[in-house]
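Novice: Need coordinates for the below:
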Amino acid sequence: MQLNPHGLDRATQGLLPAVYRNLASQGVDDQLVSGFRDVHSSVWAWNQRLLHRVLPVVGQLERAGIRTLLIKGAALIADGPFDAGLRTLNDVDVLVPTDQRADAIAVLLERGFRPIGAVPPWYVRDYAPRFVPSHAFADDLNNQIDLHWHVLHSSCQPDADDDFWAAARSIELRSVSTSALSATDELLLVILHGLRWHQVPTYRWVLDAAQLARGAYGPVDFGRLVTQARKRRVTAALRAGLSYLCRVADSPIPAETMRSLGAASGSLLERLELRAQVTDPRVLGKMARLLLHHEQHLRRELALGRRPTLGDRVRVGRTQLGIGGWRDVRWILDGGRPGPGRPPSSTAAALGTGSPPQPLAPLPLERALRLADPEVAHAHVCFGTWLPEAGGCWTAGAQARISLLLEARPATALLLALWLDAYLAPGRPHQRLEVTVNGHRVGSARVDRGHPNMEGEAFMVPRAALAPGRRVDLALDTPDAVSPAEIGIAPDDRLLGVSVRQLTLREPLRCEPRQALPLGTGSGDERFLAGGWGVPEPDGRWTVGGRSSIFLYVAGPRSVLDLELHGFTFLGSAIRPPRVRLLGNGRRLGALRFADSSQGARSLHVALPADTAGPHGELLLTFLLSGTRSPLEQGISEDTRRLGLFLTRLALRRRA
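Specialist: Predicted coordinates:
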């Protein structure tokens, strides 16, 4: 028989050392067994390297006064009858007391272990405990420690692990003294962890659980096992796991244990929760996700051992979803009313607790706030964004709030520019975005993923929205937020709206009547261009996408203005040029009929009513373009930008 063990998937490879042991114990020795022996040797060598690097860190935790407890693979190797080659270790799982999590993180950082996934240490300390019982750390050689502050996903109350610590046994591994769970508690952990859905299937838990049930790591107290399951409301999951072990591994589970679990098999909601936990998130319905998130929240709010009443569920659900009255019920299916810690997720926690975690540093006008930097996001996000990734910070759910502090109160309206991308469901061409500043709605936009506006979406913030202080509280509402799991493309259940790459606030350019403003290379046009423009060219700039803006401060008394625009629209091989509509401070001023590119640049005059500019002279001119095309679509070049209007200069003049 020809079989390449190294060609098997990782989960199957993890079973081969046990297969080798069983065959060798029966005197089987052939080429296939020799291949399995090589896998056993490789696993043994890998585990020795991992333990050599990680266990001294465990010892340092102990010397720092932080009690440690090994769980899962490392504990089974340390306290079992089998050698280290029979159990693949991807990492070493170490439990520390919940209230010493921050101290343990500091020790790991000192020893060169950093949180995996480029996650900042403050995220593991402050946010990860909302949704997971552990986080992995790795050194430069990718040796990993999975630091636990709780044993189980299903028990995350402050006192959730007291019973486990009380029953723990002292062990020693490579001269490092530590502790391990009792065989009974380890069996509970292995079953509950193994039954959770994993993107990469794991079969190792069945072998571990079977060995534990047979007493290979000490006698199992099945009475305690049932008691702990009842206390943590996981009897349905434990019964399912033990039944599976009886069927596939002929495990000696006492009939009385199965009867006790059957009599206390949990509520319907507990069984539905189990079904949701073992299901690929990509095929879960919205109600199943809502149940998972509710149970996750409930297990942190209620005391350990307390079975929730209907009143408890209503109270915790209202807190979780931000339901203050009957009018707020409409938020339920959207994952909750916007606020700190919402929406929940079983894979990640949103940043923010309601206000920035530290005093705000004054932000000068014109300076870009780059939310792709985790430290910037941490300092300014009040709630509603995920940890930065891929150059930006995704909003979390229906609303995100970002707080800024200006160096000085501005004398005029300001321009808010947002560099955005969108996360879209199939068949949805854009994300809706509503922008509010200090409670004043300042505008809306449609953000396109296929052609993201990398030049920024522009919004005028009136001076009234900035009074009376220097604080700027920015709310971004994204009602179309959706998760990759909901649309079936990934097991990620985070609700994603728009990705905010950076934002800026700046004052308008002072424009005197009769002053001509050229565009293009060396013109300084970035002082008044406000999003939606291409790179400068020798004679001007193209609008890119469907929305481009110009922001000015018109000096002098209010009067009717004559706006002169010099340029043309992109035609290419199309029959009709793009259509251009003009807005002044959000007010429709009409459609513009420019010459097309085949006729060259021409001047166009538009009358602006006296009340177009704001009370302090601020003027946001917005070009809305439809029917735009790219040179690539027209077969002209490889340029993928959707070009609309090429503007060479503009001027404002007062009419007599």
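Novice: where does the protein dip in pLDDT?
Specialist: Flagging of the chain using pLDDT under 70 yields the residue ranges 1-3, 6-7, 79-82, 265, 449-455, 656.
Novice: quick one: buried residues of stretch 93-113?
Specialist: Neighbour counts over stretch 93-113 (16 or more other Cβ atoms under 10 Å) mark 93-98, 100-101, 104-105, 107-108, 111, 113 as buried. All C-beta spots, glycine's among them, are computed from the backbone N, C-alpha and C.
Novice: cool, stretch 542-559 as well?
Specialist: 542-554.
Novice: ok, now stretch 45-60?
Specialist: Along stretch 45-60, the positions that meet the burial threshold by neighbour count (16+ other Cβ under 10 Å) are 47, 50-51, 53-55, 57-60.
Novice: The residues you listed in helices, which ones?
Specialist: When the buried residues of stretch 45-60 are checked against helices (DSSP state H), the matches are 47, 50-51, 53-55, 57-60.
Novice: show me what contacts Arg547?
Specialist: For Arg547, the contacting residues are 445, 453, 457, 531-532, 622-625, taking Cβ atoms under 8 Å, 6 or more residues apart in numbering as the criterion.
Novice: I'd like the residues you listed as a markdown table, with neighbour count appended.
Specialist: Supplementary listing: these in a markdown table, determined by neighbours: other Cβ atoms under 10 Å:
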| residue | neighbour count |
| --- | --- |
| Ala445 | 22 |
| Asn453 | 24 |
| Glu457 | 25 |
| Gly531 | 27 |
| Gly532 | 27 |
| Thr622 | 25 |
| Phe623 | 22 |
| Leu624 | 18 |
| Leu625 | 23 |
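Novice: for these, which one is nearest Leu351?
Specialist: Glu457 (21.8 Å; Cβ to Cβ).
Novice: mind checking how far that closest one is from Ala530?
Specialist: 9 Å (Cβ to Cβ, to the nearest Å).
Novice: Identify the contacts common to those two.
Specialist: When Cβ under 8 Å, 6+ apart defines a contact, the residues bordering Glu457 and Ala530 alike are Ala417.
Novice: tell me the contacts of the most centrally placed residue in the chain?
Specialist: In the chain, the C-alpha closest to the average C-alpha coordinate belongs to Trp386, at a distance of 3.9 Å (Cα atoms, centre = their mean). Contacts here follow Cβ under 8 Å, 6+ apart; on that basis Trp386 touches 348, 350-351, 393-396, 494, 496.
Novice: if you set the cut-off to 6 Å instead, what comes out?
Specialist: By Cβ atoms under 6 Å, 6 or more residues apart in numbering, the contact set of Trp386 is 348, 350, 394, 396, 494.
Novice: In TSV, list these along with neighbour count and distance to Ala240.
Specialist: As requested, these are exported to TSV (neighbours: other Cβ atoms under 10 Å; distance: Cβ to Cβ, whole Å):
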residue	neighbour count	distance to Ala240
Ala348	21	27
Ala350	27	32
Trp394	26	35
Ala396	31	33
Arg494	24	28
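Novice: Helix, strand, or coil at Val500?
Specialist: At Val500 the chain is in strand, as set by DSSP: H, G, I helix; E, B strand; the rest coil.
Novice: so how far is Ser598 from it?
Specialist: Distance, Val500 to Ser598, using Cβ to Cβ: 39 Å.
Novice: out of the two, which sits in the more crowded spot?
Specialist: Of the pair Val500 and Ser598, Val500 is the one with more neighbours under other Cβ atoms under 10 Å, namely 27 against 9.
Novice: pretty sure that one is touching Cys393, no?
Specialist: Yes: contact criterion Cβ atoms under 6 Å: Val500 and Cys393 qualify, at 5.2 Å.
Novice: who touches both of these two?
Specialist: Common neighbours of Val500 and Cys393 (criterion: Cβ under 6 Å, 6+ apart): Leu371.
Novice: just so I have it, where are all the strands in the stretch 51-200 of the chain?
Specialist: For the stretch 51-200 of the chain, the strands identified by DSSP state E, counting those that start in this stretch occupy 69-71, 92-95, 114-115, 134-138, 144-148, 169-173, 176-180, in order along the chain.
Novice: Mind putting these into CSV with distance to Val33?
Specialist: As requested, the strands of the stretch 51-200 of the chain are exported to CSV (distance: least, Cβ to Cβ, whole Å):
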stretch, distance to Val33
strand 69-71, 31
strand 92-95, 29
strand 114-115, 41
strand 134-138, 34
strand 144-148, 31
strand 169-173, 29
strand 176-180, 32
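Novice: The ones you listed: which one's closest to Val381?
Specialist: It's strand 114-115; of those, that one is closest to Val381 (Cβ to Cβ) at 18.7 Å.
Novice: Pull up the pairing partners for the closest one, direction included.
Specialist: In the sheet containing strand 114-115, the strands it pairs with under DSSP bridges are strand 134-138 (antiparallel).
Novice: Strands of the stretch 401-550 of the chain, residue ranges please.
Specialist: Taking DSSP E, counting those that start in this stretch as the criterion, the stretch 401-550 of the chain carries its strands at 414-422, 431-437, 440-447, 457-461, 471-477, 496-506, 509-511, 516-518, 541-544, 547-554.
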